[in-house]
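Chemist: The sequence isn't on hand, but the structure is:
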């Protein structure tokens, strides 16, 4: 059974950096494009970033472009999200997920992702 486990979240001050990791098991990691989403209290889960299986094609939401960097190490079956210049509005639970690309929606929609981790909390204080 595929499993995704996020780690690296925490409580930081505005302007700080965090690096999230997503360890994958039970699947052929290098065959999957992967995504990061986040969900703040009372809000819908929103797209953060996506990376292709090879790592060549990358997308970011406008909210994080220029501050966050997605990457992957296929040899370690691990996905990363480097988050710099954090803002209070970045506070959310962050999830990684496998992209299935059914074509029913865009790469930024949750319906295009199949397996999800349990999430890691990121809290940014002002």
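Modeler: Perfect, thanks for sending it. A quick note: this is a predicted structure, and the numbers were derived from the prediction, not measured.

Chemist: and residue 27, what does it touch?
Modeler: 2, 98, 115 (C-beta atoms under 8 Å, 6 or more residues apart in numbering). All C-beta atoms are positioned from the backbone trio N, CA, C, and that covers glycine.

Chemist: between these, which has the most around it?
Modeler: Using other C-beta atoms under 10 Å as the neighbour criterion, residue 98 leads the contacts of residue 27 with 23 neighbours.

Chemist: didn't it look like it was pressed against residue 28?
Modeler: No. Judged on C-beta atoms under 8 Å, residue 98 makes no contact with residue 28 at a distance of 10.4 Å.

Chemist: Just give me the residue closest to the centre of this structure.
Modeler: residue 36 (1.9 Å; C-alpha atoms, centre = their mean).

Chemist: so how far is residue 81 from that residue?
Modeler: Separation of residue 36 from residue 81 (C-beta to C-beta, to the nearest Å) stands at 5 Å.

Chemist: Find residues that contact each of the two.
Modeler: Both residue 36 and residue 81 are in contact with 20, 22, 48-49, 70, 94, 96, where contact means C-beta under 8 Å, 6+ apart.

Chemist: Sitting in strands, which of the contacts of residue 27 do you find?
Modeler: Mapping those onto strands (DSSP state E) picks out 98, 115.

Chemist: Tell me which residues of stretch 28-41 come out buried.
Modeler: Neighbour counts over stretch 28-41 (16 or more other C-beta atoms under 10 Å) mark 29, 32-38 as buried.

Chemist: Now do that stretch, average pLDDT.
Modeler: Averaged across stretch 28-41, the pLDDT comes to 97.

Chemist: if we look at that stretch, which residues are touching it?
Modeler: So stretch 28-41 is contacted by 20, 22, 24, 45-54, 57, 70, 72, 74, 77, 79, 81, 90-99, 101, 107, 110, 113, 119, 122 (C-beta under 8 Å, 6+ apart).

Chemist: I appreciate the help and will end here.
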